[in-house]
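In: sequence unknown, structure follows:
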Ligand SMILES: [Zn+2]
């Protein structure tokens with residue numbers, strides 16, 4: 001770079017909201033994109049934001065992907081469809097999981113567009129899918145897997161390293177050592193940051209010498225219930241189901257949450273707590289992801305306690321007794337089986353997927369339990385159940401809610417407020433903190449807490465806002 005070139009960072013998503021993470025570092029004529037996530041939420045609103053990149057895709061020289069959640073990787077196919085030809089750096093697990101997530105996302109986009117065009121045919125309204133499976137394949141062909149801790153140079157004048165973020169398998173913080181006209185500057189982008197206390201993954205550790213910190217703020221205003229309570233809470237639900245000979249239906253996110261639940265069930269089973277009831281994992285995606293977890297389980301991104309357990313147990317994800325159901329026919333056989341049993345199925349907020357069939361078949365019976373184990377967004381079927389509505393519609397047909405609805409608030413893959421504060425203090429960024437990936441209230445609460453702690457130069461960037469790093 002030339003002496004008068006500026007180094008800047010600009011925020012093109014997840015700025016005052018939680019989805020659409022895209023942050024662009026520019027040095028002279030080079031640009032490095034940190035994540036390329038999809039905006040999620042209300043269809044027309046999100047669609048418009050997803051279709052416009054705020055920078056020319058072809059001008060991107062390198063991409064670093066923090067993890068495989070769609071709000072971080074989901075627009076990669078569109079970026080490459082629109083002319084980007086840059087390498088994508090990510091950990092090997094993220095690269096593998098992203099392959100599964102993007103193929104699924106492309107099929108959803110295609111299915112959505114087909115459905116919309118069919119029901120609006122009379123009005124002559126049509127939409128194009130954001131992208132198709134071919135575009136996802138094009139993006140994935142640019143993937144360059146890199147181990148945690150390996151040095152690489154994504155663009156001239158920038159050295160980089162991926163560090164464990166503890167959020168989901170493969171998740172990484174990006175440490176960038178940037179040559180600026182004013183000297184070397186270290187920037188750390190956390191991506192999504194895990195909790196200090198986790199079930200499967202090692203907790204994230206802040207590196208030293210950070211000048212600029214770009215950190216998520218999803219739970220900037222609150223803490224989670226202790227994870228240690230999860231085993232006891234799940235035990236209670238299972239005991240009740242055994243007594244009532246009922247089915248426990250767990251709508252679960254396929255990535256991380258499903259594996260966490262399976263791991264707890266495995267521990268309970270091993271402890272001999274007489275909780276030995278059939279467990280079905282009914283989600284092809286969750287099965288593929290669990291296989292990836294199992295393959296990587298010896299690696300250091302996993303918590304040492306989990307690795308010890310896995311070595312002692314030999315089968316921490318229960319492949320030898322959990323029934324993993326891949327086909328529709330296998331899934332349908334569960335309708336005719338009597339409880340007690342546990343069915344873990346996607347999606348986590350009951351918005352689609354096979355869990356809807358299990359809910360339709362079981363929600364009216366009083367001896368069944370629906371166990372919610374994740375965040376339920378406003379307007380979703382999961383939220384309606386959580387809020388205690390007496391009747392809900394599934395596939396357009398109204399059902400009385402006879403089953404017991406239970407929620408466990410213990411699970412979360414994100415750092416809570418105290419975790420975020422402790423991490424920021426440990427990183428002690430010398431020149432500034434940028435708060436991203438948080439709703440306005442959560443982000444403002446974290447900014448206020450940082451001010452109280454005497455941490456200066458805290459910025460809450462607006463969409464498109466650009467800052468000079470000097
Ligand atoms: Zn995430």
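Out: It's in. Note that the coordinates shown come from a computational prediction; the quantities given were computed from them, not determined experimentally.
In: pull the distance from the helix or strand harbouring residue 448 to the chain's centre.
Out: For residue 448, the host element (DSSP states H and E) is helix 440-452. Its chain's average C-alpha position is 23 Å from that of helix 440-452, according to Cα atoms, centre = their mean, to the nearest Å.
In: repeat that for stretch 192-199.
Out: On the basis of Cα atoms, centre = their mean, stretch 192-199 is displaced by 12 Å from the centre of the chain it belongs to.
In: which positions within that stretch qualify as buried?
Out: With burial defined by 16 or more other Cβ atoms under 10 Å, the residues of stretch 192-199 counted as buried are 192-196, 198-199. No exception for glycine: its C-beta is placed from N, CA and C like everyone else's.
In: from the residues you listed, which is closest to residue 446?
Out: Among the buried residues of stretch 192-199, residue 193 lies closest to residue 446 (Cβ to Cβ), at 12.0 Å.
In: what's the pLDDT at that closest one?
Out: Predicted confidence (pLDDT) for residue 193: 98.
In: shouldn't it be within a strand?
Out: No. According to DSSP: H, G, I helix; E, B strand; the rest coil, the state of residue 193 is coil, so it is not within a strand.
In: for it, which non-adjacent residue is spatially closest?
Out: Nearest residue to residue 193, sequence neighbours excluded (Cβ to Cβ, 6 or more residues apart in numbering): residue 415, at 4.5 Å.
In: kindly provide the distance from the one you found to residue 101.
Out: As judged by Cβ to Cβ, to the nearest Å, residue 415 and residue 101 stand 22 Å apart.
In: thinking residue 200 is in contact with residue 258, fair?
Out: No. Here residue 200 does not reach residue 258: they are 11.1 Å apart, not a contact under Cβ atoms under 8 Å.
In: which parts of the worst-scoring helix or strand of the chain on mean pLDDT are buried?
Out: None of the helices or strands of the chain scores lower by mean pLDDT, DSSP states H and E than helix 43-51, at a mean of 84. Using 16+ other Cβ under 10 Å as the test for burial, helix 43-51 gives 46, 49-50.
In: outside of it, which residues touch it?
Out: Residues outside helix 43-51 that contact it (Cβ atoms under 8 Å, 6 or more residues apart in numbering): 13, 19-20, 38-40, 75, 78, 127, 130.
In: by neighbours, which of the residues you listed wins?
Out: Neighbour counts for those, by other Cβ atoms under 10 Å, peak at residue 75, which reaches 31 neighbours.
In: and that one, what's its pLDDT?
Out: Note for residue 75: predicted pLDDT of 97.
In: what's the answer for residue 375, then?
Out: 85.
In: residue contacts, it?
Out: Contact analysis of residue 375 by Cβ under 8 Å, 6+ apart lists 348-349, 412.
In: what do you get for residue 445?
Out: Residue 445 makes contact with 220-221, 417 under the criterion Cβ under 8 Å, 6+ apart.
In: before we move on, the earlier item: can you list the contacts of helix 43-51 in CSV and add secondary structure?
Out: Listed next are the contacts of helix 43-51 as CSV, based on three-state DSSP:
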residue, secondary structure
13, coil
19, coil
20, coil
38, coil
39, coil
40, coil
75, coil
78, helix
127, coil
130, coil
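In: what's the farthest-apart pair in those residues?
Out: Using Cβ to Cβ, the contacts of helix 43-51 span at most 21.0 Å, a distance reached by 13 and 127.
In: would you pull up the residue in the stretch 151-300 of the chain closest to the ion?
Out: Residue of the stretch 151-300 of the chain nearest the ion, by Cβ to the ion: residue 192 (3.6 Å).
In: could you chop the protein up by domain?
Out: Domain assignment for the chain, taken from automatic domain parsing, gives 7-222+413-468, 227-407.
In: how far does the first one sit from its chain's centre?
Out: So that's domain 7-222+413-468. Its chain's C-alpha centre and that of domain 7-222+413-468 lie 11 Å apart, by Cα atoms, centre = their mean.
In: quick one: terminal-to-terminal distance for that domain?
Out: One end of domain 7-222+413-468 sits 6 Å from the other (Cα to Cα, to the nearest Å).
In: the last one too?
Out: Start-to-end span of domain 227-407 (Cα to Cα) is 14 Å.
In: quick one: name the residues of the chain near the ion.
Out: Applying Cβ under 5 Å from the ion, we find that the chain lies next to the ion at 69, 192.
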